[in-house]
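[1] Got a sequence here, can you build the structure:
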Amino acid sequence: MTLYPCSACGARPSGIKLSSVTWAWNNADGQRSAWRQRLCAGCYAQRILSLPLLAPEAALVCPLCGIGLEPPDMDPVYATSYVPGFGKIDHEWPTCGACAVQLRSSAQENALRLEDRRDQFGGLGPGPRTDTGPIPAADVWASLGLRP
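    Numbering: from 1, shown residues only. Predicted coordinates for the structure are as follows:
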């Protein structure tokens, strides 16, 4: 039996790891919202695999209602799945506003809200320091309040 229940149905399947799904979207105010769920195989199939994949050459249509969309009119939802035995899978769906509300509500069900990854300057947090070169060891010790 798994330690954590499925976020959707509450089951704790025996001998099977749950998939981890991180849902994300941008709110109307531009703020990123992200939620993490653990899903059993059945709920993963129902919530993720039932939504059609976005083919690169296909027209943009809402996967829930089928309405045609253009980039300014869509309200996309993204998901990154980690499926045991398979690995990482990225998903993106060009949803219409009404269906985005429905999909996002489902994504928040018994989910863990993740903190916004943006730092105070609007970026996605610290990255590699390629512009300044290596940091001298003495500076690292000094930043910790220690002197070698």
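[2] Who does Trp23 form a beta bridge with?
    In this entry, Trp23 is beta-bridged to Trp35, Ala79, by DSSP bridges.
[3] how close does it sit to His91?
    Distance from Trp23 to His91, counting by CB to CB, to the nearest Å: 9 Å. Every residue, glycine included, has its C-beta placed from N, CA and C.
[4] do Ala100 as well
    On the measure of CB to CB, Ala100 and His91 end up 14 Å apart.
[5] Please enumerate the strands of this structure.
    Using DSSP state E, the strands found in the chain span residues 19-26, 32-39, 77-83, 87-93, 112-114.
[6] so can I have a markdown table of these showing distance to Glu70, mean neighbour count and mean pLDDT?
    As requested, those are exported to a markdown table (distance: least, CB to CB, whole Å; neighbours: other CB atoms under 10 Å; pLDDT from 0 to 100):
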| stretch | distance to Glu70 | mean neighbour count | mean pLDDT |
| --- | --- | --- | --- |
| strand 19-26 | 17 | 20 | 96 |
| strand 32-39 | 22 | 19 | 96 |
| strand 77-83 | 17 | 18 | 95 |
| strand 87-93 | 15 | 13 | 92 |
| strand 112-114 | 29 | 12 | 95 |
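[7] what residues are shared contacts of Trp23 and His91?
    Tyr78, Ala79 (CB atoms under 8 Å, 6 or more residues apart in numbering).
[8] thinking again about what came up before, among the strands of the chain, which is nearest Ser7?
    Nearest to Ser7, of all the strands of the chain, is strand 32-39, at 3.8 Å by CB to CB.
[9] The closest one versus strand 19-26: what angle between them?
    160 degrees (axes from the mean of the first three to the mean of the last three CA atoms, to 10 degrees).
[10] And strand 32-39, what does it pack against?
    strand 19-26, helix 97-108, strand 112-114 (3 or more CB pairs under 8 Å, 6 or more residues apart in numbering; DSSP states H and E).
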